[in-house]
Each structure stands twice: as structure tokens, then as C-alpha cells.
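Colleague: Provided below for reference: sequence and predicted model.
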Amino acid sequence: QVQLVESGGGLVQPGGSLRLSCAASGFSLDYYAIGWFRQAPGKEREALLCISNYDGNKNYADSVKGRFTISRDRGANTVYLQMGNLKPEDTAVYSCARLFHYCSPYVQRFTYWGQGTQVTVSS
């Protein structure tokens, strides 16, 4: 059974860091791209970063460049989103999703979404 489970969200102060995890089961990350997305209240879901064996790492959001990075642990079949220098505008529900082979900035192309994890940046 294909499943993606996000974890690691929480409340953090501005300037702080968090690492989100996206644990995959039922399939191998070797054949799929995994993207990280976020959706703030009243806004559309936004593509952030993506990782794939076929086209490497992609960053689709200028707002997180230099602050967020994506990585993968093959043994754990898990993708991580390391977030640093967090800002209040980073507050959102963060989700991961998979796409066969190649990354894409288009949210609608991704299938099998996780349930999301809430990140709140506030003092």
C-alpha cells in the first residue's frame, strides 16, 4: 500500500529551524520524485522543492531559496525538508507527494499525498 507520512512540524520562533520528514512506504524512492509543498490559510498550495534520481534537486520557490533544502535517506526511504531562518510567512501546512520519475513545479501532477504537518512560526 502506497503511503506518505509527514512529521516534524510544530511551533517555532522566527529565525528558528525545523526538519520535516516524509516517510514513504509501499514503493521505492529510486523510481519516484518527491516534492514538498505548503498551503497557508486562504492561499493556493505552493510547490517548494523536489528531489528525484532522474533530475536531481529542484527549487521552485524563490521565497525559500537559501533557507530550505531537500535531502533523501535511501535506507530509510525518507525525504527530508530542512528549514532554516524561519519567518512568520512560512506558517502553513506542509505536505509531500510523489510523481513518477521526474520533478515538476505543477502541483496537480503529483499523486499520493501525505496528510500534511502544521508549521507555525510565531514569537
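Modeller: That came through fine.
Colleague: helix or strand for the residue most central in space within the chain, which one?
Modeller: For the chain, the residue lying nearest the average C-alpha position, counting by Cα atoms, centre = their mean, turns out to be residue 36 (2.3 Å). Assigned by DSSP states H and E, residue 36 falls within strand 32-39.
Colleague: which residues are in contact with the helix or strand following that strand?
Modeller: Following strand 32-39 in sequence order, the next helix or strand is strand 46-52 (DSSP H and E). Under the contact criterion Cβ atoms under 8 Å, 6 or more residues apart in numbering, strand 46-52 has outside partners 32-39, 57-61, 64, 68-72, 79, 81, 92, 94, 99, 101-107. Quick note: C-beta positions are derived from backbone N, CA and C, even for glycine.
Colleague: Would you mind checking those for buried ones?
Modeller: 32-38, 58-61, 64, 68-70, 72, 79, 81, 92, 94, 99, 103-104, 107 (16 or more other Cβ atoms under 10 Å).
Colleague: What about those residues, which are in strands?
Modeller: Judged by DSSP state E, strands contain the following of the buried ones among the contacts of strand 46-52: 32-38, 58-59, 68-70, 72, 79, 81, 92, 94, 99.
Colleague: Show me which residues of the lowest-mean-pLDDT helix or strand in the chain are buried.
Modeller: Lowest mean confidence among the helices and strands of the chain (mean pLDDT, DSSP states H and E): strand 111-113, at a mean of 91. Across strand 111-113, burial judged by 16+ other Cβ under 10 Å covers 112, 113.
Colleague: What of stretch 108-123?
Modeller: Neighbour count says stretch 108-123 has 110, 112, 113, 114, 116, 117, 119, 121 buried, by 16+ other Cβ under 10 Å.
Colleague: Make TSV from the residues you listed and add distance to residue 20 to it.
Modeller: Listed next are these as TSV, based on distance: Cβ to Cβ, whole Å:
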residue	distance to residue 20
110	16
112	17
113	14
114	10
116	10
117	6
119	7
121	13
